[in-house]
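Novice: Compute the structure for the input listed below.
(one chain, ligands or ions: 1)
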Amino acid sequence: MVETTPPASAPARGAGQAGGDPLMRATGIVKDFPGLRALDDVSLDVRSGEIVAIVGHNGSGKSTLVKILAGVHTADEGTVSFAGGGDEATELHIIHQDLGLVSEFTAVENLGVGAPGGLAPTRRRHERERARELISRFGEAFDVDLPISRLAPAQRSIIAIARALDGWTHARNVLILDEPTEALHATEVEILVNAVRRVADAGAGVVFISHRLDEVLGIADRVVVLRDGRKVSDVAAVSLDHDALVELVTGAAAHEEESPVDRSPAGDIVLDIAGLRAPGVRGIDLQLRAGEVVGVAGVLGSGRDLLPSLVFGGTRADADHYWLSGTSYPDRTPRESVRRGLAFVAGDRARYGGIRAMNARENMTLPELGSLTGPGGALRSAAEQRLARALVDRYDVRPARPEQAFARFSGGNQQKIVFAKWLRNDPRVLLLEEPTQGVDIGAKQALYAEIDQAAARGTAVLVCSSDAKELVRLCDRVLVMREGQIVAELSGEQLTESELVLQGYGLARATVPPAMRDGEHP
Ligand SMILES: Nc1ncnc2c1ncn2[C@@H]1O[C@H](COP(=O)(O)OP(=O)(O)OP(=O)(O)O)[C@@H](O)[C@H]1O
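Specialist: Numbering: from 1, shown residues only. Next up, the predicted model:
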């Protein structure tokens with residue numbers, strides 16, 4: 001049993017300096033799930049003023065530890081304690097991977113400053129202004145009256161973070177952020193990191209979970225590494241560099257990152273769209289050829305994250321024309337899109353990625369069961385099981401249990417299952433939104449290889465990502481969006497991380513997409 005015992009209060013050192021007795025102390029935590037020890041004798045101290053990063057491969061136990069600290073799970077062994085008592089008791093504030101927001105509510109309602117609907121106009125105005133002010137601390141300004149399901153992932157993250165920081169009665173609390181930056185563009189990350197640093201400087205303890213190791217080294221004072229449920233390292237961040245951290249996470253020496261593949265020239269046009277329009281997207285022309293990987297970059301609010309769902313038919317969009325494999329496809333729906341060979345790995349994994357109550361096997365085989373059914377339409381169970389087993393092995397899903405419920409896999413392993421589900425049928429067009437979010441450094445390279453191979457088999461790939469490095473690694477060319485329009489196209493030597501960032505912010509010379517030159521229309 002976990003005892004949550006407030007220890008004798010011991011004030012921490014001055015703001016901004018890690019020191020004193022811990023605000024939070026976990027000792028000897030053990031957690032077993034059926035057939036699996038998720039945490040094995042893990043201890044963690046968090047002091048006032050320090051930012052502690054927890055890193056580890058997918059399934060290493062990070063989220064389980066957070067859930068135990070939060071009291072969501074009960075540990076089988078070990079204790080968790082917090083400093084202070086009464087009004088001074090250290091509180092724990094957590095932003096989980098799924099953010100814990102209500103999709104149908106607006107930003108104002110999610111920030112808890114207004115009950116949904118039914119407020120007097122003056123009060124509502126006041127609360128709207130308050131919500132705008134909270135969000136503006138992150139350098140952001142977006143429509144606080146939209147249901148947050150219509151906002152970009154990064155905007156939703158910002159609302160969750162603003163909510164967690166709002167209303168603290170004293171500064172010496174502990175804030176845990178579980179992969180808060182997965183969908184954020186580099187500059188958005190910087191905004192968040194600065195905000196988190198301010199919270200620590202004011203005297204809070206911060207726990208930051210991320211797979212982005214460079215980011216971890218930039219923000220953390222101390223780095224705790226979990227591997228297979230055990231703590232293998234707990235050291236000052238200054239004593240680590242990228243390679244040392246990779247080695248601690250993977251247990252193997254860091255190897256050079258794969259260089260981009262040399263692709264054969266792209267084939268015929270598979271997807272040909274002109275004048276795609278929807279709220280936030282103002283007339284986009286897009287052509288994808290068989291075998292090419294095209295990226296979409298842009299800052300928060302540029303329309304970057306809207307594009308895959310608009311192309312897929314998950315969100316309604318008008319277009320002057322929309323041709324798929326030479327056939328007009330004016331009325332798009334997700335079901336029909338799948339039938340016509342479109343696949344969509346959505347950024348919002350919790351909502352669209354997988355069906356939580358189904359197991360991994362059912363999730364992976366769901367989009368296309370035709371090849372697994374016999375003459376009478378009955379499912380050939382043995383064939384389905386064989387396929388599920390092969391996919392679990394190929395994508396290195398851990399644990400390798402096709403019968404385990406999707407919801408019980410760690411976030412990164414859920415992403416591998418979603419990939420396996422969409423890639424297994426060689427889609428004509430593969431739409432990817434933040435394809436490696438929550439995926440650890442080893443699995444990321446494996447997913448990149450899968451994308452390369454899909455392209456080599458002739459799939460046209462569209463990849464929207466906040467990670468410029470990822471776009472440079474994966475893409476033949478990258479379209480840069482700003483204010484709902486494509487403002488540049490980068491390829492060849494122009495396609496660099498810095499150029500993508502400059503173009504995203506409109507700080508570089510405009511590059512006219514080749515297809516728009518000389519009045520030519522794609
Ligand atoms: N409710 C559950 N039932 C069974 N197994 C679970 C449950 N929750 C987590 N696990 C397992 O415990 C292990 C640790 O999972 P956890 O979510 O803590 O990993 P993680 O380090 O947060 O991974 P990721 O980086 O992918 O988010 C995994 O093998 C996971 O499948």
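
Novice: Please verify my assumption that S103 contacts L146.
Specialist: No. If you go by CB atoms under 8 Å, S103 and L146 don't touch, sitting 11.1 Å apart. Placement of C-beta: from N, CA and C, glycine included.

Novice: so who does D234 touch?
Specialist: L44, R222, V223, V224, V225 (CB atoms under 8 Å, 6 or more residues apart in numbering).

Novice: If we use 7 Å, what do you get?
Specialist: D234 makes contacts with R222, V224, as judged by CB atoms under 7 Å, 6 or more residues apart in numbering.

Novice: and what of D393?
Specialist: For D393, the contacting residues are A400, by CB under 7 Å, 6+ apart.

Novice: separation between it and R227?
Specialist: Here the criterion is CB to CB, to the nearest Å. By it, D393 lies 21 Å from R227.

Novice: quick one, helices of the stretch 201-350 of the chain?
Specialist: Assigned by DSSP state H, counting those that start in this stretch, the stretch 201-350 of the chain shows helices spanning 213-219, 242-250, 307-312, 334-339.

Novice: A274 is nearest to which of those?
Specialist: Closest approach to A274 among the helices of the stretch 201-350 of the chain is made by helix 307-312 (12.6 Å; CB to CB).

Novice: hey, what's D45 bridged with?
Specialist: On the basis of DSSP bridges, D45 is bridged to R25.

Novice: Distance of it relative to the ligand?
Specialist: Distance from D45 to the ligand, counting by CB to the nearest ligand atom, to the nearest Å: 19 Å.

Novice: With D41 instead?
Specialist: Counting by CB to the nearest ligand atom, the gap between D41 and the ligand amounts to 15 Å.

Novice: quick one: which helix or strand includes the closest residue to that residue other than its chain neighbours?
Specialist: Excluding the flanking residues, the one nearest D41 by CB to CB, 6 or more residues apart in numbering is G28, at 5.4 Å. In this structure, G28 sits in strand 19-33 according to DSSP states H and E.

Novice: For R304, give me its contacts.
Specialist: V296, A297, G298, C464, M481 are the contacts of R304 under CB under 7 Å, 6+ apart.

Novice: For it, which non-adjacent residue is closest in space?
Specialist: Distance criterion CB to CB, 6+ apart; nearest residue to R304, sequence neighbours excluded, is G298 at 3.7 Å.

Novice: now swap in R457 and tell me
Specialist: Counting by CB to CB, 6+ apart, R457 lies nearest to D426, which is 5.6 Å off, once chain neighbours are set aside.

Novice: where does the stretch 301-450 of the chain come near the ligand, residue by residue?
Specialist: P399, R408, F409, S410, G411, G412, N413, G438 (CB under 6 Å from any ligand atom).

Novice: ok, how many other residues are close to the residue nearest to L44 when sequence neighbours are not counted?
Specialist: Closest residue in space to L44, ignoring its immediate chain neighbours: A26 at 4.6 Å, by CB to CB, 6+ apart. Look at A26: counted by other CB atoms under 10 Å, it has 21 neighbours.

Novice: now swap in G85 and tell me
Specialist: Counted with other CB under 10 Å, the neighbours of G85 add up to 12.
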